[in-house]
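In: structure for the following, please:
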Amino acid sequence: MIHIPPALKHRNFALIWSGLLISMVGSQMQQWALFWHISKLSDDPIAVSVVGGVRFAAVLCFSLLGGLVADRYNRRSILFFTQSTTMLIAVLLGLLTLFGKIQLWHIYLLTGIQAAAMAFDLPARQALVPNLVPRDILPSAFSLQSIAFNTGAIAGPALSGLVIGYFGQEAVYFFNAVSFLAVIFALLALGNIPQQQSEIRRGFKAAFGDIREGVLFILSQPLILSTMLLDFIATFFSSANTLLPYFAQNVLQVGEVAYGWLASAQSVGAVCVGLIASQYSHIRRQGPLLLGAVVLFGAATIVFGISRLYGLVFLALALMGAADSVSTIIRNTVRQLTTPDALRGRMTSINQIFFMGGPQLGEIEAGAVAQFFGVPFAIISGGVGTILGVWLVASMWPTLVRYNGDEPNVTTVPAS
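Out: Now for the predicted structure:
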């Protein structure tokens, strides 16, 4: 029997979670519509992959600063600014498309600005969660966050295909802009949220020292470092999402609506897993479960690449989403429990480089491989690379293999 998840019994978390649930639908609609839009503006798969390069460049430039800001300043205020910025970008994309002025460079530029805003948004958002719920129900909170993201990723792509087909490309961007109001209203209703802020020291040298403190902390924590590298390897090799429009059109030979359902398949699997995980306050044998989930993710990617039946492709994508959801929940729980509150923003920002850098660079790699060897080969080889990456990480960090999840947390902050 499914009960109300423990984290939703806390008002402030329920508020921000509800707002994100609505906003994620719009954001996912825009993401997949953007891929489709680019595929219509250019016949070259590498054109879609450039989006990944632009996003990674923004993350690389601003992520560490975003984490420092999240630890020094009010995280709620940061989220208000970043969510408002991304809403404005969606409006601009809609207007440019509506008046027939949109070009590839517009999409790349606005995507870069949005990614820069998200480099400040994610550290603040992730670091805020432990300030909203007790420590012992963090797994429930992160499971619900996974549900919010993946529910949006189910409804968003499916609605994206329908909206593009019946109302036009620009309608997706305008819908996304409106959806950000849900998060903005939730942030206004939160009120003041206590947090342990790091000391605000002026000057470049002080900022560099604070960032260095975060880097040294991660290097001193094998569990955090190994999960970050595992995340990077898996997302780098299995970043086939941007190839889905070409796979749908050229291999499966389906249109916008069928493409939209395929785009939501991973999130169908992820939500099913998230609903189960949200019922628990603790998950055991987390290390082996994490490694096994990433192996399943790679194997399902291989099945996706070799399949030529629509139903089998959908099933493979759903398995990828289920495995990724397990991996995400465990990784987030491990990192947040192991990190002191005053360092959570910096830890998340460094992690952001890994988990956003992996897929963004992976999109470039996948696009380049697809350009020369074909889309199916790019997908299959990515799945093989993921499985080999799991073996490498498990060999280098046996602590992760033995990790159960109930070990005492001994966290020390290295001197900077």
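In: helices or strands next to the helix or strand hosting V69 in the packing?
Out: Using DSSP states H and E, V69 falls within helix 45-72. Counting contacts by 3 or more Cβ pairs under 8 Å, 6 or more residues apart in numbering; DSSP states H and E, helix 45-72 is packed against helix 11-41, helix 104-128, helix 204-219, helix 244-246, helix 344-373. Every residue, glycine included, has its C-beta placed from N, CA and C.
In: pipe the ones you listed into CSV and attach mean pLDDT, mean neighbour count and distance to T86 per row.
Out: Below are the helices and strands packed on helix 45-72 laid out as CSV (pLDDT from 0 to 100; neighbours: other Cβ atoms under 10 Å; distance: least, Cβ to Cβ, whole Å):
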stretch, mean pLDDT, mean neighbour count, distance to T86
helix 11-41, 85, 22, 8
helix 104-128, 88, 21, 5
helix 204-219, 74, 16, 24
helix 244-246, 78, 23, 23
helix 344-373, 74, 23, 15
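In: turn those helices into TSV, columns for distance to S160.
Out: Below are the helices and strands packed on helix 45-72 laid out as TSV (distance: least, Cβ to Cβ, whole Å):
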stretch	distance to S160
helix 11-41	4
helix 104-128	15
helix 204-219	36
helix 244-246	11
helix 344-373	18
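In: tell me which of those helices sits nearest to I233.
Out: Smallest distance to I233 across these (Cβ to Cβ): 7.1 Å, for helix 344-373.
In: surely P376 touches I302?
Out: No: look at P376 against I302 with Cβ atoms under 8 Å: they stay out of range, at 10.4 Å.
In: which ones are touching S63?
Out: S63 makes contact with 119, 123, 349-350, 352-353, 356, according to Cβ atoms under 8 Å, 6 or more residues apart in numbering.
In: and if we set it to 7 Å?
Out: 119, 349, 352-353 (Cβ atoms under 7 Å, 6 or more residues apart in numbering).
In: and what of I184?
Out: Listed by Cβ under 7 Å, 6+ apart, the contact partners of I184 are 80, 83-84.
In: okay, and it sits in which element?
Out: Going by DSSP H and E, I184 is part of helix 169-190.
In: how far is that helix from where the chain is centred?
Out: 18 Å (Cα atoms, centre = their mean, to the nearest Å).
In: tell me which helix or strand N192 sits in.
Out: Judged by DSSP H and E, N192 forms part of no helix or strand.
In: now V133. Its backbone dihedrals?
Out: Phi and psi for V133, reported as degrees, to the nearest 10, are phi -130, psi 160.
In: swap in H10?
Out: Per degrees, to the nearest 10, the backbone of H10 is at phi -100, psi 120.
In: which non-adjacent residue is nearest it?
Out: Closest residue to H10 in three dimensions, ignoring its sequence neighbours and counting by Cβ to Cβ, 6 or more residues apart in numbering: V133, at 5.1 Å.
In: one step back: just the buried residues of the helix holding V69, please?
Out: Using 16 or more other Cβ atoms under 10 Å as the test for burial, helix 45-72 gives 45-56, 58-60, 62-72.
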